[in-house]
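Peer 1: any chance you can model this:
(2 chains)
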Amino acid sequence: MPSLIDMRRRIRAVKSTQQITKAMKMVAASKLRRAQEKVIATRPFAIQAKRVLASIASRVDASAHPLLERRAGAATGNTLIIVVGSDRGLCGSFNTNIVKAVSVFLRENKGRTMSLGLVGRKSRDLLGRRGFPVRFEYVNLPKAITSADAEAVAASGIEDFLSGKVDSVHIIYNEFKSVMTQKVVMEQLLPMAAIETPAESPSGEQTEYLYEPSAERIFDILLKRLVEAQVLRALVESNAAFYAAQMTAMDSASRNATEMLANLTLVMNKIRQAAITREIIEVVSGAQAL
Amino acid sequence: MAIPKSIRLEFVTPERAIAHEDVDEVELPGEEGFFAVLPGHAPLLAALKTGPVWYRTGGEKRYAFIADGFAEVTGDRVSVLASVAERAEDIDITRAEAAKRRAEDRLAKPTADLDMERARIGMLRAISRLQIARQSRTRG
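Peer 2: Reported below is the predicted structural model:
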């Protein structure tokens, strides 16, 4: 049986751990609020971008720009997966869920040549040494994600696609559903035409656009922007989901600590009582011996 | 097709929505010059450069700054997707002035590793921001 001093030490250790997890929960909660606002703020752009893309897709042919082109290998050939994880841990199954989803995808698509683009330190640590070629790593994301970060990630993907190194680009990330739930989603970034086109043509008539300055120049800018918007949305969603996951994880850790404290205190009291009883017996039997 | 009375303006940046309302007229800085969009405009895809934007509802004109983006116009809607944009009243004048000075300094004494293009863009943005902010403030 452990000694009384051992028990006290353990209780103290659990208590201070609990204080840390409680503090981390509070911090995550306040950061989550800001991250959530960011998710809401980026939604209008994502919605507009999708609408514009759908409208373009209904008017122009897929051969209009290399980013729209579906190559023969789009569904089977070289594939780049951009994995969005977090930079820090202590967030429950946030990163393992992503890794699991990636592994499932890899297993189901054995025929494809895969390469990875890793965003977030944890995804690098977990997937970087799996033997798949890593095209780029992007760790230490700033706390406030800006479009410049999305641009950097999108640019690497676009470059690999245009140079023909890969035939399709996917992005996988945790979507922020609610504080309690995160959903792992996988989206196809490139080629773009594969994005599901919402049936939207109320007037039925589809007149060709006027372009200013030229169709090529517009597509060059516009399509890149749309990819960036999609990446930004993934990063922002993942960021909010991370804080949500961390908050939930730290909350249950605090609760477990409370439970542990109750058990340890009970055991400690038993030990103390046993010691007292033993002492009394010793005193009594000592008195009797006299 | 009947010409609609007003046109829906959806003005967004990746970071936030700038405007989301029905307006009578929008003027945008296209790469090939400014153009105005009225209700019933023909479908148009235009690239935008750095410069001022204004939109009018009745007699009320509102200004904003835009730094490169594009606009999609359909008969009853203008979608402006900008990488950077601010409403005139949100422009930080002191910051823009500081940025302008910085860019001026950089362009005045070019060093070997100077990115001319970036300094020039920064300069353009700062000047444009200042113009818009001053204009809208003297009028408003």
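Peer 1: need the residues of the stretch 51-200 of chain A near chain B, please.
Peer 2: A:51-52, A:55-56, A:59, A:146-147, A:150 (Cβ under 8 Å from any Cβ of the partner chain). In short, each C-beta sits where N, CA and C put it, glycine included.
Peer 1: helix, strand, or coil at A:Arg129?
Peer 2: Secondary structure, DSSP: H, G, I helix; E, B strand; the rest coil: A:Arg129 is coil.
Peer 1: make CSV from the residues of the stretch 51-200 of chain A next to chain B and add secondary structure to it.
Peer 2: Shown next, in CSV, are those (three-state DSSP):
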residue, secondary structure
A:Arg51, helix
A:Val52, helix
A:Ser55, helix
A:Ile56, helix
A:Arg59, helix
A:Thr146, coil
A:Ser147, helix
A:Ala150, helix
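Peer 1: which among those count as buried?
Peer 2: The neighbour count (16 or more other Cβ atoms under 10 Å in any protein chain shown) marks A:51-52, A:55-56, A:147, A:150 as buried among those.
Peer 1: dump these to JSON lines, plus distance to A:Val104.
Peer 2: Formatted as JSON lines, those follow (distance: Cβ to Cβ, whole Å):
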{"residue": "A:Arg51", "distance to A:Val104": "32"}
{"residue": "A:Val52", "distance to A:Val104": "33"}
{"residue": "A:Ser55", "distance to A:Val104": "34"}
{"residue": "A:Ile56", "distance to A:Val104": "33"}
{"residue": "A:Ser147", "distance to A:Val104": "31"}
{"residue": "A:Ala150", "distance to A:Val104": "26"}
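Peer 1: hey, where'd the strands end up in chain B?
Peer 2: B:7-12, B:17-23, B:25-30, B:33-37, B:44-48, B:51-57, B:60-74, B:77-87 (DSSP state E).
Peer 1: redo these as CSV? Include mean neighbour count, distance to A:Asn140 and mean pLDDT.
Peer 2: Listed next are the strands of chain B as CSV, based on neighbours: other Cβ atoms under 10 Å in any protein chain shown; distance: least, Cβ to Cβ, whole Å; pLDDT from 0 to 100:
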stretch, mean neighbour count, distance to A:Asn140, mean pLDDT
strand B:7-12, 22, 28, 92
strand B:17-23, 17, 29, 90
strand B:25-30, 20, 36, 93
strand B:33-37, 15, 42, 92
strand B:44-48, 22, 33, 90
strand B:51-57, 20, 35, 92
strand B:60-74, 21, 27, 89
strand B:77-87, 22, 23, 90
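Peer 1: for burial, what's the neighbour tally of B:Asp115?
Peer 2: Under the neighbour criterion other Cβ atoms under 10 Å in any protein chain shown, B:Asp115 is assigned a count of 10.
Peer 1: now do A:Tyr173
Peer 2: So A:Tyr173, with other Cβ under 10 Å, has 29 neighbours.
Peer 1: list the beta-bridge partners for it.
Peer 2: Using DSSP bridges, the beta-bridge partners of A:Tyr173 come out as A:Val185.
Peer 1: check contacts around it.
Peer 2: A:83-84, A:98, A:184-185, A:234-235, A:237-238, A:241 (Cβ atoms under 8 Å, 6 or more residues apart in numbering or on different chains).
Peer 1: which ones are touching A:Arg225?
Peer 2: A:Arg225 touches A:49, B:69-70, B:81, B:83, counting by Cβ under 8 Å, 6+ apart.
Peer 1: let me fix that: A:Phe219
Peer 2: A:64-65, A:67-68.
Peer 1: go again using 6 Å as the cut-off
Peer 2: Going by Cβ atoms under 6 Å, 6 or more residues apart in numbering or on different chains, A:Phe219 touches A:His65.
Peer 1: report the central residue of chain B.
Peer 2: Closest residue to the average C-alpha location of chain B: B:Ile66 at 2.6 Å, with Cα atoms, centre = their mean.
Peer 1: wait, that residue touches B:Ala82, no?
Peer 2: Yes - using Cβ atoms under 6 Å, B:Ile66 makes contact with B:Ala82 at a distance of 4.8 Å.
Peer 1: now the strands for the stretch 51-200 of chain A?
Peer 2: Using DSSP state E, counting those that start in this stretch, the strands of the stretch 51-200 of chain A run over A:79-84, A:114-119, A:134-138, A:168-176, A:182-190.
Peer 1: what does stretch B:19-33 contact?
Peer 2: Counting by Cβ under 6 Å, 6+ apart, residues outside stretch B:19-33 touching it are A:212-213, B:6, B:8-11, B:34, B:36-38, B:46-49, B:51, B:53-57, B:71, B:78.
Peer 1: and with 7 Å instead?
Peer 2: A:212-213, B:6-11, B:34-38, B:46-49, B:51-58, B:66, B:71, B:78, B:80 (Cβ atoms under 7 Å, 6 or more residues apart in numbering or on different chains).
Peer 1: cool, stretch B:52-59 as well?
Peer 2: B:9, B:19, B:23-29, B:61-66, B:128, B:131-132.
Peer 1: got it, and stretch A:246-265?
Peer 2: A:7, A:10-11, A:14-15, A:17-18, A:21-22, A:24-25, A:28-29, A:32, A:90-92, A:179-180.
Peer 1: among those, the buried ones, what's the PyMOL command?
Peer 2: To isolate the buried ones among those in PyMOL, judged by 16+ other Cβ under 10 Å, type:
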select buried, chain A and resi 7+10+11+14+18+21+22+24+25+28+29+32+91+92+179
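Peer 1: what residues does chain B have near chain A?
Peer 2: By Cβ under 7 Å from any Cβ of the partner chain, the residues of chain B that approach chain A are B:10, B:12-17, B:30-32, B:42-47, B:70, B:72, B:74, B:79, B:81, B:83.
Peer 1: at 8 Å instead, please
Peer 2: B:1, B:10, B:12-17, B:20, B:30-32, B:35, B:42-47, B:68-70, B:72, B:74-75, B:79, B:81, B:83.
Peer 1: quick one, helices of chain A?
Peer 2: Secondary structure of chain A (DSSP state H): helices located at A:4-59, A:94-108, A:121-127, A:147-162, A:215-289.
Peer 1: hmm, back to that, can you list the residues of the stretch 51-200 of chain A next to chain B in CSV and add pLDDT and distance to A:His170?
Peer 2: Output for those, formatted as CSV (pLDDT from 0 to 100; distance: Cβ to Cβ, whole Å):
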residue, pLDDT, distance to A:His170
A:Arg51, 83, 22
A:Val52, 83, 22
A:Ser55, 79, 24
A:Ile56, 78, 21
A:Arg59, 74, 26
A:Thr146, 82, 23
A:Ser147, 82, 21
A:Ala150, 89, 16
